[in-house]
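Chemist: Coordinates only, no sequence provided:
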């Protein structure tokens, strides 16, 4: 038994599976907050001459009140959904699937392979779900909340109608039910997904971002174009990568 497995044995042995599952949401909330906060402070506090070269819509400057309102509304909805259906379903899924909480811990290669699968599967599902949100009824009644900000900023990542957040939360678990993993991989997946959501909504195109090394990754510039077009935009739907938009390019019933 390695030192990591010994530490996990001591921790998991005294922690109910219910709590191990709930940590997913604590990690997601922490990543949403801690990843977004430095970029928010940069946009609000740094001199314009330093941030303008990297800002995708440099003429748009949001006030601190807008940042606070967006964050508090999103945090409230995340808390309510976490304490309700988004906790019940994943915990039930953990109990009926092969998601593991015990030993052995997964290898690095196992974790890496599963994360790639999860990214690809959620990106495919996310593309079609997002595309559906831009049909006339869904945009008018649900998706318009997320598109309140034509120039997105970090906290817009979780700024959405509660029903949209609910479906997206379930979508994050679909791949893990199909391809079961260890609970620690779930934690890492939620951390990555939370940070990626913040990054694509940050409103900045930083040339030194490590995400530029990821093949087919859309990033902030790709998603900013989608937000800037509002309901008339009928492309750039995928949350992470660009290939679904290239493969399935074309309009559906427009939200115009």
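Modeler: Structure's in. What do you need? No experiment lies behind these values; they were computed from the predicted model shown.
Chemist: Can you tell me the element the nearest residue to residue 67 once chain neighbours are set aside falls in?
Modeler: Nearest non-adjacent residue to residue 67, counting by CB to CB, 6 or more residues apart in numbering: residue 40, 5.6 Å away. Just so you know, the C-beta spots here come from the backbone N, C-alpha and C atoms, and that holds for glycine as well. Take DSSP states H and E as the rule and residue 40 turns out to sit in helix 17-45.
Chemist: and that helix, what does it pack onto?
Modeler: helix 64-82, helix 85-96, helix 183-200 (3 or more CB pairs under 8 Å, 6 or more residues apart in numbering; DSSP states H and E).
Chemist: Mind pulling the model confidence for residue 62?
Modeler: Residue-level confidence at residue 62 comes out at 93, pLDDT.
Chemist: Same question for residue 152.
Modeler: So residue 152 comes in at 93 (pLDDT).
Chemist: quick one, strands of the stretch 101-250 of the chain?
Modeler: Shown for the stretch 101-250 of the chain, no strands are assigned by DSSP state E, counting those that start in this stretch.
Chemist: just to revisit the earlier point, what about the helix holding residue 40, average pLDDT?
Modeler: Here the average pLDDT along helix 17-45 is 90.
Chemist: Using the three-state scheme, assign the residue nearest to residue 52 when sequence neighbours are not counted.
Modeler: Residue nearest to residue 52 in three dimensions, not counting chain neighbours: residue 58, with 4.5 Å by CB to CB, 6+ apart. For residue 58, the assignment made with DSSP: H, G, I helix; E, B strand; the rest coil gives coil.
Chemist: wait, what's in contact with residue 81?
Modeler: Applying CB atoms under 8 Å, 6 or more residues apart in numbering, we find residue 81 in contact with 162, 165-166, 169.
Chemist: Find the nearest non-adjacent residue to residue 142, please.
Modeler: residue 161 (4.5 Å).
Chemist: give me every residue that touches the one you found.
Modeler: Counting by CB under 8 Å, 6+ apart, residue 161 has contacts 142-143, 145-146.
Chemist: could you say which helix or strand contains the residue nearest to residue 103 when sequence neighbours are not counted?
Modeler: Using CB to CB, 6+ apart and skipping the chain neighbours, the partner closest in space to residue 103 is residue 5 (5.5 Å). For residue 5, the host element (DSSP H and E) is helix 3-13.
Chemist: tell me the mean pLDDT for that helix?
Modeler: 92.
Chemist: do stretch 227-244 as well
Modeler: 82.
Chemist: Could you do stretch 98-111 as well?
Modeler: Regarding stretch 98-111, the rounded mean pLDDT is 92.
Chemist: Need the distance between the two termini of it.
Modeler: Stretch 98-111 has an end-to-end distance of 15 Å (criterion: CA to CA, to the nearest Å).
Chemist: Relative to residue 124, how far out is residue 21?
Modeler: 25 Å (CB to CB, to the nearest Å).
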